[in-house]
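Trainee: sharing a model prediction with you, sequence too.
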Amino acid sequence: MLTGNCSPCLFNVSGTSSITFAKGNYTIRYTAPIRDYHLQEAFEHPYSVNISLPQEFDIRNPLLAGLSPGATITGESDNSTTIRWNRTQAVDIRFYDKDREGLLYLFGNFWIVIGIVLLLPFILTMRKGV
């Protein structure tokens, strides 16, 4: 959706990933499915960009999420998250849900247990040698 000082605001779609419209001050709202919890956008000129993530998504764990430089993160009262960039030409955001975070902790715990099992015989033989 394109909104601004026009009613209706006209735009042209070219291909699957490009829209063009007359020069002016607009707000673009894009709602669509996002695959792989990853969003990338590139612009010809610097723009201010705001992305609102619903409360079921998060970006705080650096092992699961990532942001392009210059982002300002704000937690909202409804537990959603707003990410803002001022005058940027590219936006890159990787976010996750609670299921992915749970899998990360499960994976980490699994490797900790494997490490303990592999190190335990070594530690026990060291104590017998002393």
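Mentor: Cool, the structure landed.
Trainee: tell me the contacts of Ala71?
Mentor: Under the criterion of C-beta atoms under 8 Å, 6 or more residues apart in numbering, the contact list for Ala71 reads 83-85, 93. (Each C-beta comes from the backbone N, C-alpha and C, glycine too.)
Trainee: can you put these in a markdown table and add secondary structure and distance to Ala71?
Mentor: Below are the contacts of Ala71 laid out as a markdown table (DSSP: H, G, I helix; E, B strand; the rest coil; distance: C-beta to C-beta, whole Å):
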| residue | secondary structure | distance to Ala71 |
| --- | --- | --- |
| Ile83 | strand | 5 |
| Arg84 | strand | 7 |
| Trp85 | strand | 6 |
| Ile93 | strand | 8 |
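Trainee: helices of the protein, start to end?
Mentor: Across the chain, reading from the start of the chain, the helices by DSSP state H fall at 98-129.
Trainee: quick one: list the elements packing against the longest strand belonging to the chain.
Mentor: Among the elements of type strand in the chain, defined by DSSP state E, the one spanning the most residues is strand 38-53. Where contact means 3 or more C-beta pairs under 8 Å, 6 or more residues apart in numbering; DSSP states H and E, strand 38-53 is packed against strand 81-94.
Trainee: elements contacting the strand it packs on?
Mentor: strand 38-53, strand 66-67, strand 72-75.
Trainee: that one to strand 38-53, inter-axis angle?
Mentor: With axes from the mean of the first three to the mean of the last three C-alpha atoms, to 10 degrees applied, the angle from strand 81-94 to strand 38-53 works out at 180 degrees.
Trainee: what does strand 81-94 contact?
Mentor: Applying C-beta under 8 Å, 6+ apart, the contact partners of strand 81-94 are 37-53, 55, 57-59, 64-68, 70-76.
Trainee: give the pairing partners of the longest strand of the chain; include direction for each.
Mentor: Strand 38-53 has its sheet partners listed here by DSSP bridges as strand 81-94 (antiparallel).
Trainee: quick check: the closest residue to Trp85 other than its chain neighbours vs Val91, distance?
Mentor: With C-beta to C-beta, 6 or more residues apart in numbering as the measure, Val49 is the residue that lies nearest to Trp85, at 4.6 Å, once sequence neighbours are left out. As defined by C-beta to C-beta, to the nearest Å, Val49 lies at a distance of 5 Å from Val91.
Trainee: many thanks, we can stop here.
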